[in-house]
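Visitor: Just a sequence and a predicted model for now, questions to come.
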Amino acid sequence: MNIRHNIKYISLFISLFLMMSFVAPQTSSAVSESSIALSADSASVARKKLKEKEKEAAKKARKTERYEKKRAKKLEKEMKNREKKAEKARKEIAKYEAKMAALQPQRVYLFGGGINFLDSVAFVTDLQYLDSLYIEPDGELRESYAYSGQLKFYLESTYELHDETCAVYYEVKEKKAQKRFEKMKAKLRKRGYFIHPVLKESFQFTNASKKEEEGTFSGQ
C-alpha cells in the first residue's frame, strides 16, 4: 500500500515537473518578444528624431548658404562701386593736374569792397589790374584771400576800422570787370550805403605770390 502511494506521488511530481518545464519556455519567449517589440519601437522613434534633426540641420545649412551668397554678392557690388569711384577720382585728379600744369599767368582786373553791416559806409577801391596772376581751373583767383586781406589791412591802418568785412572781385576781361564794378556800386547804393572811394593813389593791390616769395605777409 505504501509503495503504491509513493509511486502515485512520484508520478504526480513528474507530471508537475513536466508541466512547469513546458510552461516556462513559453513565458520566457513571450517576454523576449515583448522586449524586442519595445526595442523596435524605441529604435523607430530614435530614427524619426534623427531624421527630423538632420532635416532641421539641412534647412539651417541652406539658409546660411543663401545668406552667405547674398552677403558675398553685396560685398562684390560694394567693391565694384568703390573701384568705380576711385577710378573716377583718379581721372578727375589727373585732369585737374593737367589743367594746373597748363595754367599761364595772365592779367586780371580786380576791385575790392569793405563794409560794416552795422554802418552805412561802404569802402570801394578803384578798378585795378595786376599782371602775372593765376586763375585756377575752377575759376577761382589764386590766393584771393590775400587780396581781401590787403584791403582789410589798409582800412585798419588808415581808418582804424577793425570790423569791416572785405571781399575782392575779379575778371579776366576789362569790359566785364568794368560792368561788374558798376553793378556792385549800384547795388550798394540801392541798399542805402554811402560809397567811400578808395583811390589808386592811396591803395593798390600787389601780387600776393611775389610778396610771399619775398617773405612778406601777403595780407599787407
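Guide: Yep, it's here.
Visitor: any idea how the protein splits into domains?
Guide: 39-102, 104-213 (automatic domain parsing).
Visitor: what about the last one, average pLDDT?
Guide: Spelled out, it's domain 104-213. Mean pLDDT, computed over domain 104-213, is 95.
Visitor: Tyr67 versus Ala146, what's the distance?
Guide: According to CB to CB, to the nearest Å, Ala146 and Tyr67 sit 58 Å apart. The way it works is simple: take the backbone N, C-alpha and C, and place the C-beta from them, glycine included.
Visitor: higher neighbour count, the two?
Guide: Between Ala146 and Tyr67, Ala146 has the larger neighbour count (other CB atoms under 10 Å), namely 21 against 10.
Visitor: nearest to Ile14, of the domains of the chain?
Guide: Ranking those by proximity to Ile14 (CB to CB) places domain 39-102 first, at 38.3 Å.
Visitor: need the next SSE after the helix or strand harbouring Glu78, C-terminal direction.
Guide: In the assignment (DSSP states H and E), Glu78 maps to helix 2-102. Where DSSP H and E defines the elements, the next helix or strand beyond helix 2-102 is strand 106-115.
Visitor: In the sheet, which strands lie alongside the following helix or strand past that next one, parallel or antiparallel?
Guide: Counting by DSSP H and E, the next helix or strand C-terminal to strand 106-115 is strand 121-125. Using DSSP bridges, strand 121-125 pairs in its sheet with strand 106-115 (antiparallel), strand 194-198 (parallel).
Visitor: Send me the shortest one as CSV with only the CA atoms.
Guide: To tie it back to what came earlier, the one meant is strand 194-198. Taking C-alpha atoms only, strand 194-198 is exported to CSV below (Å, rounded to 0.1, in the frame of the first residue of the first chain):
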residue,chain,number,x,y,z
PHE,A,194,27.2,155.7,-48.9
ILE,A,195,30.2,154.8,-51.1
HIS,A,196,33.6,156.0,-49.9
PRO,A,197,36.0,155.6,-52.8
VAL,A,198,39.5,154.1,-52.1
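Visitor: Can you say which of the domains of the chain is packed in most?
Guide: With neighbours defined as mean count of other CB atoms under 10 Å, the domains of the chain peak in mean count at domain 104-213, which reaches a mean of 16.
Visitor: Please tell me how far the most centrally placed residue in the chain sits from Lys69.
Guide: The residue lying closest to the centre of the chain (CA atoms, centre = their mean) is Arg82, at 10.7 Å. From Arg82 across to Lys69, the span is 20 Å (CB to CB).
Visitor: How about Thr206?
Guide: Taken as CB to CB, the span from Thr206 to Lys69 is 67 Å.
Visitor: sorry, back to before: can you tell which of the strands paired with strand 121-125 is closest to Glu52?
Guide: Within these, the stretch nearest Glu52 is strand 106-115; the backing value is 83.7 Å (CB to CB).
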